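1. only geometry, no sequence info:
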């Protein structure tokens, strides 16, 4: 395992060593550095295994989200889960992950990504294995909640590790392209495995098979991920945990997200007393967090200057909408395919195949061409993809043709989420200094998980109200029309964001050193 000194590589001159910003050698050095294997890896094999550890960790996070919805009916019957509790094992996982991303991202900035990433994987493996041995719904809910801390640790540190290891350029673009592509692949494999184990074995094998894969990833990561603890503690010796932010942001996000996601299923909807209480408390905690982070905390958990890069605030808002659209699509497309088109669990999984295949194609193409296309064009393409996938399902008849509606919707969905996730990852990590790469990764994944939870809660509410008014109608179509409007908002914002091209470039620290203190 190496360290993170990536400024020297294969005999290429350090860009900071050049005497003038206009020196002709500068452009050659930066371009070559952006294509070369980082010096942090002692061999190509280590780099490949390092990348596989990160890619498969992303895949398994999606695996344990998508497949769980497939095994839930059989699992609920096996553990005698009351109807009012059946949404909890699914929602509590994402709720815990979304709430703890920021504090665990700060821990990575304090102590390095290596231990937070590897221990997060080990923790995730243990509690996914325990879930497979659940004997009651209380045990299952508890194990799923504890498992949610795993992705909260290894997802932001995955982005941090890529951002610190690779310089801006084509090589970094390729790694991020593959990382983005493994999300839909994991989603697809989760559905396939969930359907196969439910029909042929037992729902418990879904957890045991996933845990076995995670065990291999843990071993691979332990030996191939560069140990950056000493360097990080030296560079970020003054970085501290923001406990005031921790004790306001985490409970605020958890309670407000719970109120939104569970409100549609509560006995009296959003008028239920515990929904009102958690919603009010969540808002109060988040209001306190804004005050603490903006005016009290010396080192805020979510510093406002994290958004000082041009378009960062606008991009964050658009990503929140875009990921919300994707969450609505995943759930309600599955519902329509199974309930209205009569597809079995395995057939539903097969119909989602274009998302996985499309992700791999986009990864291959994007990795080699991303530095050639303007970021605004890529975001607009992704926005149209998101808009098309939900609009097609809003218009599809009950027994609509697969090739006319479902297949192009799947292509649109993978274009929408893969390109968006890829471009945003590259832009954010490239424009954030090394000591904040952990928070950058946490921000990206917070927008993903919280966007999905928030918009799914609103969609569920819309569907619930429509079904009350029209019991014989297709209430789920309301969710797709809501998603269509949200996708249009994201597309409109994307059109105003000019990110430039993801070309080989200086790092944030190198640019600041060139510009000098006055800049």
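-> Done, it's in. The structure presented is a predicted model; accordingly, all values stated were derived computationally and were not measured.
2. quick check: which element contains residue 376?
-> Residue 376 is located in helix 375-395, with elements delineated by DSSP states H and E.
3. can you give me the buried ones in that helix?
-> Using 16 or more other CB atoms under 10 Å as the test for burial, helix 375-395 gives 375-376, 378-394. Placement of C-beta: from N, CA and C, glycine included.
4. next secondary structure after it?
-> Next helix or strand after helix 375-395 toward the C-terminus (DSSP H and E): helix 407-430.
5. list the helices and strands that next one packs on?
-> Counting contacts by 3 or more CB pairs under 8 Å, 6 or more residues apart in numbering; DSSP states H and E, helix 407-430 packs against helix 149-165, helix 170-200, helix 312-335, helix 353-369, helix 375-395, helix 437-469.
6. average pLDDT for the first one?
-> Spelled out, it's helix 149-165. Averaging pLDDT along helix 149-165 yields 89.
7. and the angle for that helix with helix 407-430?
-> Note on geometry: by axes from the mean of the first three to the mean of the last three CA atoms, to 10 degrees, helix 149-165 and helix 407-430 are set 60 degrees apart in direction.
8. I'd like the distance from helix 149-165 to the chain centre, please.
-> Here the centre of helix 149-165 is set off from its chain's centre by 10 Å, with CA atoms, centre = their mean, to the nearest Å.
9. equivalent analysis for the second one, please.
-> The chain centre lies 12 Å from the centre of helix 170-200; the measure is CA atoms, centre = their mean.
10. counting contacts, what elements does that helix pack onto?
-> Helix 170-200 is packed against helix 24-35, helix 44-79, helix 149-165, helix 203-224, helix 345-351, helix 353-369, helix 407-430, with contacts defined by 3+ CB pairs under 8 Å, 6+ apart.
11. which one of those has the poorest average confidence?
-> helix 24-35 (a mean of 58).
12. low-confidence ranges, the stretch 251-400 of the chain, go.
-> When residues are selected by pLDDT under 70, those of the stretch 251-400 of the chain lie in 345, 363-364, 366-371.
13. if you set the cut-off to 90 instead, what comes out?
-> Filtered on pLDDT under 90, the stretch 251-400 of the chain yields the residue ranges 253-275, 293-316, 326-328, 330-378, 397-400.
14. center of this protein, which residue is that?
-> By CA atoms, centre = their mean, the chain has its centre lying nearest to residue 445, at 4.1 Å.
15. tell me who's in contact with the nearest residue to it once chain neighbours are set aside.
-> Spatial nearest neighbour of residue 445, chain neighbours left out: residue 155 (4.6 Å); criterion: CB to CB, 6 or more residues apart in numbering. Contacts of residue 155 were listed using CB atoms under 8 Å, 6 or more residues apart in numbering, and they are 57, 58, 61, 97, 101, 441, 445.
16. turn the residues you listed into TSV, including distance to residue 217.
-> Shown next, in TSV, are these (distance: CB to CB, whole Å):
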residue	distance to residue 217
57	6
58	10
61	11
97	17
101	20
441	18
445	18
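17. so which of the residues you listed comes closest to residue 269?
-> Closest to residue 269 out of those is residue 97 (25.7 Å), distances taken as CB to CB.
18. could I get the pLDDT score of the closest one?
-> So, for residue 97, pLDDT stands at 88.
19. tally of neighbours for it?
-> If you count neighbours by other CB atoms under 10 Å, residue 97 ends up with 27.
20. please apply the same query to residue 374.
-> For residue 374, using other CB under 10 Å, the count is 13.
21. of the contacts of residue 155, which is the nearest to residue 468?
-> Ranked by distance to residue 468 (CB to CB), the contacts of residue 155 are led by residue 97 at 31.4 Å.
22. right, and the helix or strand after the one helix or strand that closest one maps to?
-> Using DSSP H and E, residue 97 sits in helix 88-111. Next helix or strand after helix 88-111 toward the C-terminus (DSSP H and E): helix 113-132.
23. which helices and strands sit right next to that following helix?
-> Other helices and strands packing on helix 113-132, by 3+ CB pairs under 8 Å, 6+ apart, are helix 44-79, helix 88-111, helix 137-147, helix 149-165, helix 203-224, helix 229-235, helix 437-469.
24. out of these, which is closest to residue 303?
-> helix 437-469 (7.6 Å).
25. other SSEs contacting that closest one?
-> Contact partners of helix 437-469 among helices and strands, from 3+ CB pairs under 8 Å, 6+ apart: helix 88-111, helix 113-132, helix 149-165, helix 243-262, helix 312-335, helix 407-430, helix 476-494.
26. let's have the ones you listed in a markdown table, adding distance to residue 294.
-> Formatted as a markdown table, the helices and strands packed on helix 437-469 follow (distance: least, CB to CB, whole Å):
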| stretch | distance to residue 294 |
| --- | --- |
| helix 88-111 | 15 |
| helix 113-132 | 26 |
| helix 149-165 | 22 |
| helix 243-262 | 10 |
| helix 312-335 | 14 |
| helix 407-430 | 21 |
| helix 476-494 | 24 |
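27. out of these, deepest packed?
-> Greatest average neighbour count among the helices and strands packed on helix 437-469 goes to helix 149-165 (a mean of 28), per mean count of other CB atoms under 10 Å.
28. for residue 317, which non-adjacent residue is closest in space?
-> For residue 317, the spatially nearest residue (CB to CB, 6+ apart) is residue 493, at 6.3 Å.
29. which residues touch the one you found?
-> 314, 317, 318, 321.
30. closest one to residue 175 out of the residues you listed, please.
-> Closest to residue 175, out of all of the contacts of residue 493 and judged by CB to CB, is residue 318, at 23.6 Å.
31. and the spatially closest residue to the closest one that is not a sequence neighbour, how far from residue 167?
-> Beyond its immediate neighbours in the sequence, the residue positioned closest to residue 318 (CB to CB, 6+ apart) is residue 493, lying 3.8 Å away. Distance, residue 493 to residue 167, using CB to CB, to the nearest Å: 29 Å.
32. do residue 299 as well
-> Where residue 167 is concerned, residue 299 sits at a distance of 27 Å (CB to CB).
33. more crowded one of the two?
-> Taking neighbours as other CB under 10 Å, residue 299 and residue 167 compare with residue 167 leading, 23 against 14.
34. which SS class is that one?
-> Secondary structure, DSSP: H, G, I helix; E, B strand; the rest coil: residue 167 is coil.
35. use 33 as the first number from now on
-> In the new count, where the first residue is 33, that last one comes out as residue 199.
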